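**Q** what would the 3D arrangement of this be:
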Amino acid sequence: MRERAVVKGARENKGRNPVETIIRLLTDSSFYTKRITLLLVDTFMLAFSLWAAVAMRLETFWPVLWERCSWLFFVQPLISLPIFIRLGLYRAVIRYTSFDALWVICQAVIGSVLVLVALLLLASLSEIPRSTPLIFSVLAFFFIGGSRLLFRDLYFRFCNPKRHARRVLIYGAGSSGTQMITAFQMSSEFDPVALVDDEKTLQGRRLNGILIYPPSRISDLVKDLAVDLILLAMPSAPRKRIREILRFLEPLPVEVKSLPYLDVLVSKELGIKSIKDIEIEDLLGRDPVPARMDLIYSSIKGKSVLVTGAGGSIGSELCRQIAKLEPNCLVLFEQSEFALYTIEAELRSCFGGSLLIYPVLGSVCHERRVLSVIKAFQIQSVYHAAAYKHVPLVEYNPIEGVQNNLIGTLRMARAAIKAQVETFILISTDKAVRPANVMGASKRMAEMVLQALAAKGPGKPRFTMVRFGNVLGSSGSVVPLFREQIRNGGPVTVTHPEVVRYFMTIPEAVQLVVQAAAMGTGGDVFVLDMGEPVHIVDLARKMIRLCGRTVRNDQNPNGEIAIEFTGLRAGEKLYEELLVGGNVVGTEHPMIMRAEESFIPWERLEKILVQVERACKEFDHQAVRSILLETVDGYCPQCEIVDPVWKNDQQENALDGFGGKVALLRGHGDMGTRGR
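**A** All right, here's what the predicted structure looks like:
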């Protein structure tokens, strides 16, 4: 083992210059070896400083007085070193010597000077000039502090752990930028090389030794300083300003990351772990919708609230925000055991015993179970987020999609009516508008159920529907998919070059839902002013560029990440809409609109729902599709029925029918033969 270690050490030292070898040996040595080495160096430096002080004062190499006072070279360091130890001079890591360490050295040298003065007075050494202690103090501080700074410089020159670190340009020279520089300087992963700030009074100055440049120099800095990461250290900047900066940085061949927004950083330590990818909402052409707190509190505070689909993307965020609004209790209703466990554990860790939380396993299709839960907890507000939402999956499983999205909503609404719930809010989707798939059609029929029940007559509950577009970061969202594909080297897959979608953040969507609950009067369909729709291929290109990669296409065949078009999936369409008709009116909230849309009266719709339930029970796909086509305005399926199980049954039935006919013909043939 010893021989193997020697050989390994020899291999590691091979190719190094002597200085690097010595530096690495000292760095890799044990704590006690380092401490003894420092004690020996400081002993020599103190003795050398004493000799140099007298020699400089008397302008002679070896004054005669040393023949009688040479003992000072041994006694003075021996008495000074305990002072150095007491002040913690040997606990500091030398390769990270800072100004704080130099201040400790200054204190130690002052103590050493006092020791020297005391020795001179006690020994009555009047022949030593009185200015010697002053000169000694300067020289001792220079040699002791300088030896540490020299070692630090040699270490970072020959053994620099940042040799392979990412070279970072920090945009923002405020307090966040300052903290990040400090964190980077202590890290071997990142090396801050430049600062950029919009404030002209800061430009040209230095922060922790790093020069601050104007934003116009970023392109040159990326080339000249070999920058491979730009960090936006502007957590309090508005998203509009962030979008402008990202638009400016997008063409540069460098990755861009950011710090979280100020509300996320509150009560958290700012450091390297705070760095995150650019939020995609920063790339979109719209600002978040401001929330009205009076509306948010009115339908939740002090009330018993039930959230169905509590473990889903929207449902879980609903639970988080509702929990902050001081409800009397929060009931989590979820079909998935794991999803329910996850959200319950998260809420309990955040709110502890300050909130009554009840996790309930169950399906919204079980009306008796739902009614029992509502009555048991005396629910006043229901937020119905349980739904199958992935378009292709529902297209492959249409009966289950209709059962969960439509029949589940119907049974939830019936239970809410029987229990006299105050408010019932349905989470709907833009795909319900002129749907091209079963998911959208089933959600539109669910809306129609609540509209019809609300119009049936005044009473409880107040039924409200909230319709919005794609949610960023939800399960199945393109954003996490694109990130993963870019991380793996591509290609990034987009269904079609012309496909566009509306986008919003999960917290924003949930705030809309909660506020709509307060504004609803019964049968309302609320939609959000979501700005302009986004081309998915443009979103993909921006994400690739801001990850420091280049797009590979016909114009740039040497690019790193290609974009591949896979074709629209089952049930998908190019454009999504938010309104069935053009009738829309404003509300108390400037960014929320109320849609005036037609629906089928309950007396007629109830009969249709009976047919739907019967068709689902019999797994009659054709009947379900026919009912959706006749009932949902604008429903235009983009494909034939693609349920593989149904297709298999159809083939088997066809074969069985064909086989039966063959057997019958054979039977007739046999009888004819026997008859003859």
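**Q** quick one: contacts for residue 427?
**A** Contact partners of residue 427, counting by C-beta atoms under 8 Å, 6 or more residues apart in numbering, are 309, 314, 383, 384, 385, 387, 466, 513. Every residue, glycine included, has its C-beta placed from N, CA and C.
**Q** among those residues, find the lowest-pLDDT one for me.
**A** Taking pLDDT as the measure, the contacts of residue 427 have their low point at residue 513 (80).
**Q** identify the residue spatially nearest to that residue, adjacent ones excluded.
**A** Spatial nearest neighbour of residue 513, chain neighbours left out: residue 466 (4.8 Å); criterion: C-beta to C-beta, 6 or more residues apart in numbering.
**Q** so what pairs up with the one you found in the strands?
**A** residue 427, residue 526 (DSSP bridges).
**Q** gap between it and residue 405?
**A** Per C-beta to C-beta, to the nearest Å, residue 466 is found 15 Å from residue 405.
**Q** when the two are compared, which one has more neighbours?
**A** More neighbours surround residue 405 than the other of residue 466 and residue 405, with 28 against 25 (other C-beta atoms under 10 Å).
**Q** other SSEs contacting the helix or strand encompassing residue 371?
**A** Using DSSP states H and E, residue 371 falls within helix 367-376. For helix 367-376, the elements it packs on are strand 329-334, helix 408-418, judged by 3 or more C-beta pairs under 8 Å, 6 or more residues apart in numbering; DSSP states H and E.
**Q** within the sheet, what are the partner strands of the shortest one, with directions?
**A** In the sheet containing strand 329-334, its partner strands are strand 304-308 (parallel), strand 356-361 (parallel), by DSSP bridges.
**Q** report the backbone C-alpha coordinates of the shortest one in CSV.
**A** Listed next in CSV are the C-alpha coordinates belonging to strand 304-308 (Å, rounded to 0.1, in the frame of the first residue of the first chain):
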residue,chain,number,x,y,z
SER,A,304,-64.5,24.9,4.9
VAL,A,305,-63.0,24.3,1.5
LEU,A,306,-62.8,21.1,-0.7
VAL,A,307,-60.4,20.8,-3.5
THR,A,308,-60.8,17.8,-5.9
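**Q** for that strand, give the mean pLDDT please.
**A** Across strand 304-308, pLDDT averages out at 96.
**Q** beyond that strand, next helix or strand please.
**A** Once the chain leaves strand 304-308, the next helix or strand it forms, by DSSP H and E, is helix 313-324.
**Q** return the distance of stretch 642-649 from the chain's centre.
**A** Remark: stretch 642-649 is offset 39 Å from the chain centroid, using C-alpha atoms, centre = their mean, to the nearest Å.
**Q** er, stretch 511-519 I mean
**A** Averaging C-alpha positions (C-alpha atoms, centre = their mean) puts stretch 511-519 25 Å from its chain's average.
**Q** what's in contact with that stretch?
**A** 289, 291-292, 295-296, 298-300, 314, 318, 321-322, 325, 381, 383, 423, 425, 427, 464, 466, 468, 504, 524, 526, 528, 587-589, 592, 594.
**Q** in helices only, show me the residues you listed.
**A** 295, 296, 298, 314, 318, 321, 322 (DSSP state H).
**Q** so what's the closest residue to the fourth one other than its chain neighbours up against?
**A** In space, not counting the residues next to it along the chain, residue 314 is nearest to residue 385; the distance is 4.9 Å by C-beta to C-beta, 6+ apart. Residue 385 makes contacts with 307, 308, 309, 310, 312, 314, 315, 318, 427, as judged by C-beta under 8 Å, 6+ apart.
**Q** and if you look at residue 629?
**A** By C-beta under 8 Å, 6+ apart, the residues touching residue 629 are 635, 637.
**Q** i'd like the first residue to be 389 from this point on
**A** OK, 389 is where the count begins now, so the last one is residue 1017.
**Q** doesn't it belong to a strand?
**A** No - counting by DSSP: H, G, I helix; E, B strand; the rest coil, residue 1017 is not found in a strand; it is helix.
**Q** so how far is residue 996 from it?
**A** Note on residue 1017: its distance to residue 996, by C-beta to C-beta, is 12 Å.
**Q** same deal with residue 521?
**A** 103 Å.
**Q** quick one: residue 580 and residue 570 touch, right?
**A** No - with contact defined as C-beta atoms under 8 Å, residue 580 does not reach residue 570; the gap is 9.4 Å.
**Q** the more surrounded of the two?
**A** residue 580 (26 against 14).
**Q** quick one, what contacts that one?
**A** For residue 580, the contacting residues are 556, 557, 558, 568, 569, 572, 573, 598, by C-beta under 8 Å, 6+ apart.
**Q** let's see it at 10 Å
**A** 550, 553-558, 565, 568-573, 595-598, 617, 619 (C-beta atoms under 10 Å, 6 or more residues apart in numbering).
**Q** what subset of these is buried?
**A** 550, 553-558, 565, 568-569, 571-573, 595, 598, 617, 619 (16 or more other C-beta atoms under 10 Å).
**Q** can you tell me the helix or strand for residue 782?
**A** Short version, using DSSP H and E: residue 782 is in helix 779-784.
**Q** that helix - contacts with which helices or strands?
**A** Applying 3 or more C-beta pairs under 10 Å, 6 or more residues apart in numbering; DSSP states H and E, we find helix 779-784 packed against helix 786-790, helix 826-844, helix 1032-1063.
**Q** I'd like the average pLDDT over it.
**A** 90.
**Q** ok, stretch 520-530 next?
**A** Here the average pLDDT along stretch 520-530 is 82.
**Q** return the set of buried residues in it.
**A** Buried residues in stretch 520-530, counted by 16+ other C-beta under 10 Å: 520, 521, 523, 524, 525, 527, 528, 529.
**Q** so residue 992 is in contact with residue 843, correct?
**A** No - with contact defined as C-beta atoms under 10 Å, residue 992 does not count as touching residue 843 (11.9 Å).
**Q** who's more crowded, those two?
**A** Legend: neighbour count by other C-beta under 10 Å for residue 992 and residue 843, higher for residue 843 (15 against 10).
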